[in-house]
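Trainee: The amino acid sequence is not available; the structure is as follows:
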């Protein structure tokens, strides 16, 4: 199973945490200035995508002369750098981890999260910062974590039924309807395995692991 990593140009306080997600065979795509984060790890991308207005010229020049780096110019100003990078991921990819898409301007963060909905099986995509994971779910989802991790489930589209496993507070506690405005925040893992069960609709799933 091919694993894709996308690194966008949003602020990352400590890039070293990304290393634990990179494994042998991972395909790394940098969205424009995201190449700065990867370069700080002493690594180079398989693909560099964007209009290249935020990558330092000297770093860009280095990649231009490197046959191992595929440069994909995408000057379209009507899409974000992350959207451009996501277009390079085949629909057959089963796992895509995204970094550098949170932090900074709030409009950028919201756009980066919501753009995942435009892709087939959005559960495949996980947006990370150092302590958080964010996914969009349209179907049942199993996950692992530590006891005490904080979980949030927030409907964006009406959910027909909603059930939790491995969490302290059941969805039924707040009761249906599970519609926009229903806020399942600050739930807590009481097991190292959890699950979100939904039969329709769309939710934002957040997983916070304490440092």
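Mentor: Alright, I've got the coordinates. All figures in this text were calculated on a predicted structure; none of them were measured in a lab. Residues are numbered from 1 along each chain as shown.
Trainee: List the contacts of the nearest residue to residue 207 once chain neighbours are set aside.
Mentor: In space, and not counting its chain neighbours, residue 207 is closest to residue 133: 4.4 Å by Cβ to Cβ, 6 or more residues apart in numbering. Quick note: C-beta positions are derived from backbone N, CA and C, even for glycine. Residues near residue 133 by Cβ atoms under 8 Å, 6 or more residues apart in numbering: 126-127, 206-207, 209.
Trainee: what bits of the protein have low per-residue confidence?
Mentor: 1, 77-78 (pLDDT under 70).
Trainee: Tell me where it has helices.
Mentor: Listed in chain order, the helices of the chain (DSSP state H) span 34-40, 57-64, 81-86, 106-114.
Trainee: In JSON lines, list these along with mean neighbour count and distance to residue 17.
Mentor: Output for the helices of the chain, formatted as JSON lines (neighbours: other Cβ atoms under 10 Å; distance: least, Cβ to Cβ, whole Å):
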{"stretch": "helix 34-40", "mean neighbour count": "22", "distance to residue 17": "11"}
{"stretch": "helix 57-64", "mean neighbour count": "13", "distance to residue 17": "21"}
{"stretch": "helix 81-86", "mean neighbour count": "24", "distance to residue 17": "19"}
{"stretch": "helix 106-114", "mean neighbour count": "15", "distance to residue 17": "18"}
